[in-house]
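1. Take a look and give me a structure for this.
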Amino acid sequence: WISHYRAKGYRVLAPPYPGFEVEVEAIRAEPRIVAEVTVPAIIARLEEVVAALDTPPIIMGHSAGGAFTQILLDHGFGAAGVALNSAPTEGVRVVPWSQVRSTFPVLKSPANRHKAIGLTAEQWQYAFTNTFSEEESNALYERYHVPANGGILWGGVLANFQPGPQETWVDYHNDQRPPLLFVSGSEDHIMPPVIQRSNHKHYKSVAAITEIREYEGFAHLLPAQPGGERIADAVLAWAVDHAR
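-> The predicted structure follows:
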């Protein structure tokens with residue numbers, strides 16, 4: 001979507017997580033980069049980038065980035081936000097079977113909280129590209145797959161069972177939050193529509209705009225799926241219309 005939006009004349013920033021300033025191959029060779037990153041460090045990096053801009057940007061995030069988008073908006077950053085196939089923020093307790101199967105390689109052992117855990121090509125296809133052909137899925141696996149951060153995944157699970165606000169906490173009653181759009185692919189296995197609907201319903205503010213859209217036939221890796229450009233255009237139009 002970066003090149004798609006740039007072709008329309010937009011300036012697009014895609015800041016890497018701390019330590020992720022290298023290519024995929026380097027991260028695979030040194031998974032410690034993944035294992036050591038934390039949610040607070042990621043949020044601090046993203047807030048630093050956004051705060052340095054002359055005007056508040058439209059913020060978009062996919063998967064875990066969808067949760068980070070919600071956190072940034074809750075902290076007062078951005079003109080509007082789009083959370084694509086978003087990971088849930090604290091308090092969302094819906095856990096469908098497809099999500100359990102998708103994340104089982106990481107969550108099967110508490111010891112993985114301190115590790116970076118990779119997926120096989122078969123596990124990747126079920127979790128990310130279940131609507132793609134095997135050839136397309138394998139090509140995307142070779143291009144984009146890096147190990148998952150066990151600490152962040154386990155932290156998301158445990159957040160709902162520990163007292164006090166955790167790393168993915170947001171104020172669902174925040175009337176000052178910029179507008180937020182949830183986007184869900186109907187065939188998403190990791191973050192299926194039921195999670196997006198639950199996350200959307202948690203927002204109780206009447207003053208802050210919160211909407212949700214679901215697109216039929218799209219998997220978790222929605223931005224890479226053929227036909228995704230029409231979704232890119234639709235959500236951008238929504239964000240522009242609602243930006244403050």
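2. quick one, what contacts the residue most central in space within the chain?
-> Closest residue to the average C-alpha location of the chain: residue 63 at 2.3 Å, with Cα atoms, centre = their mean. Residue 63 makes contact with 84-87, 190-191, 220, according to Cβ atoms under 8 Å, 6 or more residues apart in numbering. Placement of C-beta: from N, CA and C, glycine included.
3. Bridged to the nearest residue to residue 183 once chain neighbours are set aside, which residues?
-> Residue nearest to residue 183 in three dimensions, not counting chain neighbours: residue 84, with 4.7 Å by Cβ to Cβ, 6 or more residues apart in numbering. Judged by DSSP bridges, the bridge partners of residue 84 are residue 62, residue 183.
4. quick revisit: distance of the residue nearest to the centre of the chain from residue 171?
-> Per Cβ to Cβ, to the nearest Å, residue 63 is found 22 Å from residue 171.
5. Repeat that for residue 81.
-> 14 Å.
6. So for stretch 26-38, what gets flagged as buried?
-> 27, 31, 33-35, 37 (16 or more other Cβ atoms under 10 Å).
7. Report the backbone C-alpha coordinates of that stretch in PDB.
-> Listed next in PDB are the C-alpha coordinates belonging to stretch 26-38 (Å, rounded to 0.1, in the frame of the first residue of the first chain):
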ATOM      1  CA  ALA A  26      19.200 -10.200   8.800                       C
ATOM      2  CA  ILE A  27      16.300 -10.600  11.200                       C
ATOM      3  CA  ARG A  28      16.000 -14.300  10.500                       C
ATOM      4  CA  ALA A  29      19.700 -14.700  11.000                       C
ATOM      5  CA  GLU A  30      19.500 -12.900  14.400                       C
ATOM      6  CA  PRO A  31      16.100 -13.600  15.900                       C
ATOM      7  CA  ARG A  32      17.300 -11.900  19.100                       C
ATOM      8  CA  ILE A  33      16.200  -8.600  17.400                       C
ATOM      9  CA  VAL A  34      12.600  -9.900  17.600                       C
ATOM     10  CA  ALA A  35      12.800 -11.500  21.000                       C
ATOM     11  CA  GLU A  36      14.100  -8.300  22.700                       C
ATOM     12  CA  VAL A  37      11.600  -5.700  21.300                       C
ATOM     13  CA  THR A  38       8.800  -4.600  23.600                       C
END
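8. for it, the distance to its chain's centre please.
-> Taking Cα atoms, centre = their mean, to the nearest Å, one finds stretch 26-38 lying 18 Å from the centre of the chain it belongs to.
9. quick one: average pLDDT of it?
-> Averaging pLDDT along stretch 26-38 gives 94.
10. for stretch 200-217, same thing?
-> 97.
11. Sketch out the low-pLDDT regions of the chain for me.
-> 163 (pLDDT under 70).
12. just the helices in it please.
-> Counting by DSSP state H, residue ranges of the helices within the chain are 2-7, 24-29, 32-36, 39-51, 64-74, 97-107, 121-127, 134-144, 150-158, 193-202, 228-242.
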